[in-house]
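**Student:** what follows is a predicted structure for the sequence shown.
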Amino acid sequence: MDRFVQFTAYGLTLACVLVLLGLGWVVIYQVSGVLNLAQGSFLVVGGLTTTSLAGPAGLPLAVLAGIAAAGALAVGLDRVLLRPARPSGPGGPIIVTLGAALVIAEGARSIWGVDPLLLTPYLPREPVNVLGAPVLPHALLLWGGTAVVVAGLYLLFEKTLLGRALLACAQNPDGLRLSGTDPLGLRTLAFLMAGVLAGIAGVLLVPVTPIGWESGLLLGIKGFIAAALGRWTYPGAVAGALVLGLAENYAAGYLSSAWKESVGLGLMLLILIGRAYASGDGGEGLKSRLLAAFRPPAKAAS
């Protein structure tokens, strides 16, 4: 039982990071129709910026700078690369954002070096007993911070006009234009939100786990899997991230650490195959339905 609780605690830590990344994937796609492979890169920049500035500038300013850097990078990706390039077809933005992720990774390597960095812990280092398992206070901060962000997003989308306008980008973009709301302004806001979410994830993660220049692409792909498992909805992305984070750590704990990175893709493939079979014909035309299942719901780009 103690091992189960310990694996669950580790899984929740990863899941919280994937929640923030998955929500970033969803908000960008729902508003702009772009699949952003650079989402994990924003996390890396936020975490490493905070680490490098925590000493000279102080922790509060370093945290704000890390989140601001991630948000600015996300907006810059859209305004400097995606909009001027106007990539066509579903694969165009993927190629552009993949290239951006690789360039950001090389830039991070040049600035911060090849070794992963860990922010000097600012909370007590002694583990806290949670249901019989030792948990670092920083992990509890990550859990709580993620819960606060998710609650804030719920209030934004359910209780404010701005949140309803963001949702309307996916549900009725033509009606949004007729109401006088600028879809391009909402697109900029969506990229900013995704960058800030990833920056918060980086700030909360870097005292728990070292972050390196190469960490972004893999984490970003896991965020994509969480969003895809959740059918590209906000509540679904949260649920998908929890399933993925826990499944990875259970596999690593009970089977082997070598299985950890393959669990996400395997889990997604199993679910997609199940969806393809459930769509009818006893599995006939499986290939075409699988290809359709990998794509997000149809969405006209703003």
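**Tutor:** Structure received.
**Student:** show me where the chain dips below the pLDDT cut-off.
**Tutor:** Across the chain, the ranges flagged by pLDDT under 70 are 1, 88-90, 170-180, 272, 274-302.
**Student:** can you list the buried residues in the longest helix belonging to it?
**Tutor:** Ordering each helix of the chain by length in residues (DSSP state H) puts helix 2-32 first. By 16 or more other Cβ atoms under 10 Å, the buried positions in helix 2-32 come out as 6-32. Backbone N, C-alpha and C define where each C-beta goes, glycine included.
**Student:** same for the next helix-or-strand element following that helix, what does it pack against?
**Tutor:** Next helix or strand after helix 2-32 toward the C-terminus (DSSP states H and E): helix 39-57. When contacts are defined as 3 or more Cβ pairs under 8 Å, 6 or more residues apart in numbering; DSSP states H and E, helix 39-57 packs onto helix 2-32, helix 59-76, helix 91-112, helix 183-205, helix 215-229.
**Student:** redo these as TSV? Include distance to L167.
**Tutor:** Listed next are those as TSV, based on distance: least, Cβ to Cβ, whole Å:
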stretch	distance to L167
helix 2-32	7
helix 59-76	20
helix 91-112	21
helix 183-205	10
helix 215-229	16
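**Student:** out of those helices, nearest to V128?
**Tutor:** The closest of these to V128 is helix 2-32. By Cβ to Cβ, the value is 10.2 Å.
**Student:** just to revisit the earlier point, quick check: which of the helices and strands packed on helix 39-57 is nearest to V150?
**Tutor:** V150 lies closest to helix 2-32 among these, at 6.6 Å (Cβ to Cβ).
**Student:** now A133: phi and psi?
**Tutor:** phi -110, psi 140 (degrees, to the nearest 10).
**Student:** what is it paired to in the beta sheet?
**Tutor:** On the basis of DSSP bridges, A133 is bridged to V130.
**Student:** distance of it relative to P124?
**Tutor:** Separation of A133 from P124 (Cβ to Cβ, to the nearest Å): 17 Å.
**Student:** neighbour count for the two, which is higher?
**Tutor:** More crowded of A133 and P124, by other Cβ atoms under 10 Å: A133, with 18 against 10.
**Student:** residues of stretch 53-60 that come out buried?
**Tutor:** In terms of neighbour count (16+ other Cβ under 10 Å), stretch 53-60 has its buried residues at L53, A54.
**Student:** how about the nearest residue to L53 once chain neighbours are set aside, what does it touch?
**Tutor:** Distances taken as Cβ to Cβ, 6 or more residues apart in numbering put A62 closest to L53, at 3.8 Å, once the chain neighbours are dropped. Counting by Cβ atoms under 8 Å, 6 or more residues apart in numbering, A62 touches T49, T50, T51, S52, L53, A54.
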